[in-house]
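show me how the following folds:
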Amino acid sequence: MTRLVLIRHGESTWNARNRFTGWVDVPLSPRGREDARKAARLLGAHGIVIDVCFTSLLIRAIETAVICLTEGEGVCAGRSPVLKHDADDPDWHGWGSYDGEPGQEVPVFLSQALDERYYGSLQGLNKRQTAQRVGEKTVRQWRRSFSCRPPGGESLADTAARTIPFMEGRIMNHLRAGDSTLVSAHGNSLRSIVMTLDNLGEDGVAGLELATAVPMIYEIDAQGRVLGKDLLDG
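Below you'll find the model as predicted:
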């Protein structure tokens, strides 16, 4: 048995302003950083030790992952997190020149597959003002339904088409090998993963809300089956 830890990033600067964010790359707010520190402390207090980490390409998820790995006592068991970049130019800043040091690092893999859903022309707009203009029911459909796309953006089904294969392949390979794994990502990329892990239907996922910076702990067996689930909400 091993553990899969899923965490939605802490509050971002645009979360604080109630704006649709999607692929806009905004950082954590001060509150978001403190929430991530709280999550880190909870992971340490519960004896969670991480062997490998996956995060999106967006800074709010990367910040959350790094805080969890560096500010949770014992989470890295004395090892150093090392971000693994897949650069097109292998000579850029020397990416690719380090082959790893077994037992001395926790690799952090960045993947576009885990990015937030793309919100299209809604990105940057205030959610409340948008609901006043087009109707709350329409905005809720855009945000929560499985197959409805916001204007020019991705539906949750579109997001799942990239997150679930990545989860079932790359991430699950580490879990089957016994690596305790942290995934730091976003509300919708994680909703699609949780939908699969919890066997939720389209109606079930419509009501699924993931709080920011609250670790979800899954116990996974060697065949990749879910044995249990817990929330570390303090």
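
from now on I want contacts and neighbour counts done on CA atoms only, so please keep to that.
Noted.

neighbours of P151, how many?
For P151, the count of nearby residues is 12 (other Cα atoms under 10 Å).

could I get the phi/psi values of it?
Backbone torsions of P151, given as degrees, to the nearest 10, read phi -60, psi 120.

and what of E136?
phi -60, psi -40.

who's in contact with it?
Residues near E136 by Cα atoms under 8 Å, 6 or more residues apart in numbering: none.

ditto for I48
G74, V75.

do a quick rundown of the strands in this protein.
Along the chain, counting by DSSP state E, strands occupy 2-8, 52-55, 80-84, 105-110, 181-185, 216-220, 226-231.

any idea which of those strands is most buried?
Counting by mean count of other Cα atoms under 10 Å, strand 181-185 has the highest mean neighbour count of the strands of the chain, with a mean of 28.

what's the burial count for the spatially closest residue to R162 that is not a sequence neighbour?
Spatial nearest neighbour of R162, excluding adjacent residues (Cα to Cα, 6 or more residues apart in numbering): A113 at 5.3 Å. Look at A113: counted by other Cα under 10 Å, it has 21 neighbours.

what's near enough to touch A113?
By Cα under 8 Å, 6+ apart, the contact list for A113 reads S56, R162, T163, F166.

do I have it right that the first one meets R117?
No: counting by Cα atoms under 8 Å, S56 sits too far from R117 to count as a contact (11.2 Å).

find the residue at the geometric middle of the chain.
By Cα atoms, centre = their mean, the chain has its centre lying nearest to A185, at 1.4 Å.
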